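Novice: Provide a 3D model corresponding to the input given below.
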Amino acid sequence: MVSVVQNVAIDCVDAYELARFWSEVTGCPLDPEDGPGAQETQVMMPEGPVLYFNQVPEPKTVKNRVHLCLRPETSREAEVERLLGLGAALVADRREPGGSGWAVLADPEGNEFCVLRGESDRAGQHA
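Specialist: Model prediction:
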C-alpha cells in the first residue's frame with residue numbers, strides 16, 4: 001500500500017518564516033502577496049501536496065508528524081547536508097546496506113519529514 005499526501009496544514013508560531021523554510025526545501029516559491037507577519041501562507045509543489053501554514057499564538061506542545069517524502073536528484077547524503085544548512089535538524093538516519101534507506105529530519109518548528117534517494121526507496125517506506 002502506498003500513501004499519498006495531498007494537502008498538509010501546519011500550525012506554527014511564524015507562518016511566513018516556516019513557509020519560507022519550506023520554500024527553500026522544496027524549491028517552490030511562496031505566494032508573492034505573502035510577506036513577514038502573514039497569518040496564513042502556502043507553498044504549492046508542482047507534483048505534491050499544497051503546504052498550508054497557519055499562524056497560532058503560541059508554540060504547540062504536540063508537534064505535527066508530517067512525513068513528506070522528497071525525491072532529490074542528488075544523493076540522499078548531499079540533500080540531507082543541504083537541508084541541515086537551511087536549518088533542519090536530523091532526527092534519524094535509516095541507511096541500508098547498498099546506500100538505500102531514508103533520513104528523517106525536522107523543520108525549525110519540529111515537524112518531521114523524510115528524504116529518500118529515489119522512487120525505489122519510496123516503495124518500502126510507509127509514513
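Novice: Every contact and neighbour count from this point should use C-alpha atoms.
Specialist: Noted.
Novice: what about the residue nearest the centre of the chain, which SS state?
Specialist: Most central in the chain under Cα atoms, centre = their mean is F113, positioned 4.9 Å from the mean C-alpha point. Using DSSP: H, G, I helix; E, B strand; the rest coil, the structure places F113 in strand.
Novice: can I assume V50 is in contact with T41?
Specialist: No. Using Cα atoms under 8 Å, V50 is not in contact with T41, being 10.4 Å away.
Novice: Can you name the residues that contact A38?
Specialist: A38 makes contacts with 15-16, 55, as judged by Cα atoms under 8 Å, 6 or more residues apart in numbering.
Novice: How much space separates the residue nearest to the centre of the chain from V104?
Specialist: Going from F113 to V104 by Cα to Cα, to the nearest Å gives 6 Å.
Novice: try E40
Specialist: E40 is 26 Å from V104, by Cα to Cα.
Novice: Low-confidence ranges, the chain, go.
Specialist: 1-6, 59-68, 98-100, 117-127 (pLDDT under 70).
Novice: at 90 what do you get?
Specialist: For the chain, residues meeting the criterion pLDDT under 90 lie at 1-13, 25-35, 37, 42-80, 92-104, 109-127.
Novice: Do you have the helices of it handy? List them.
Specialist: 15-26, 76-86, 119-123 (DSSP state H).
Novice: Could I have the CA atoms of the first one written out in CSV?
Specialist: In CSV, the C-alpha atoms belonging to helix 15-26 read as follows (Å, rounded to 0.1, in the frame of the first residue of the first chain):
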residue,chain,number,x,y,z
ALA,A,15,3.7,31.2,9.3
TYR,A,16,5.7,33.2,6.9
GLU,A,17,9.1,32.1,8.3
LEU,A,18,8.2,28.5,8.3
ALA,A,19,6.8,28.7,4.8
ARG,A,20,10.0,30.4,3.7
PHE,A,21,12.0,27.5,5.1
TRP,A,22,9.8,25.0,3.2
SER,A,23,10.0,27.1,0.0
GLU,A,24,13.8,26.7,0.2
VAL,A,25,13.5,23.0,1.0
THR,A,26,11.2,22.3,-2.0
